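Peer 1: How does the following fold in three dimensions:
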Amino acid sequence: MASASLFRILYKSRDCNARLGQLSTPHGVINTPVFMPVATQGCVKTLTPEDLLENQTEIVLCNTYHLYLRPSHMVIEKLGGLHQFMHWDHPLLTDSGGFQVFSLGDLVKHELHMMN
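Peer 2: Below you'll find the model as predicted:
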C-alpha cells in the first residue's frame, strides 16, 4: 500500500497569494514552486538522470498518452515500471494525456493505418 502525499505551506506572502510549500511523496520531497522538466516519453531530451540530479531536479513530468504510444505500457511494465524505465527513483508526475488523445488521435490512427 502506497503512502499518501502530504502538502504543507511553509510561508505565505502578506502582499499577494504567493506561497512556499513542500509536497512529500513516497519518492521524495518537492519544494514549491518548482521547475519541472518534461520527459514526454520517459526521458528529458539531452539530459541523463544524473544530469537532472546534479541540477537538483526534484520532479519530472511525463505524458501518459505519449508513453502509451511509445515505448508502450507493455514495455514499461516489462522493465519494472516507469521509475525503473527512466532510471529515476524520485518523484514523477504523469498527466492524463487527454488533450493529446483528442488533438492527435486522428493523426495516430492515420499513421497506424499507413503502417498496416
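
Peer 1: low-confidence ranges in the protein?
Peer 2: Where the chain drops to pLDDT under 70, the residues are 1-3, 105-116.

Peer 1: any chance you could map the helices in it?
Peer 2: Using DSSP state H, the helices of the chain run over residues 49-54, 64-69, 73-78, 82-86, 98-115.

Peer 1: and the nearest residue to residue 101 once chain neighbours are set aside, what does it touch?
Peer 2: Leaving aside its sequence neighbours, residue 101 sits nearest to residue 65 (C-beta to C-beta, 6 or more residues apart in numbering; 5.6 Å). Placement of C-beta: from N, CA and C, glycine included. Residue 65 is in contact with 96-98, 100-101, 104, counting by C-beta atoms under 8 Å, 6 or more residues apart in numbering.

Peer 1: Using a markdown table, lay out the helices of the chain together with distance to residue 15.
Peer 2: Below are these laid out as a markdown table (distance: least, C-beta to C-beta, whole Å):
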| stretch | distance to residue 15 |
| --- | --- |
| helix 49-54 | 33 |
| helix 64-69 | 38 |
| helix 73-78 | 45 |
| helix 82-86 | 39 |
| helix 98-115 | 34 |
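
Peer 1: Residue 25: which of those helices is closest?
Peer 2: Of all the helices of the chain, the one in closest proximity to residue 25, counting by C-beta to C-beta, is helix 82-86 (11.7 Å).
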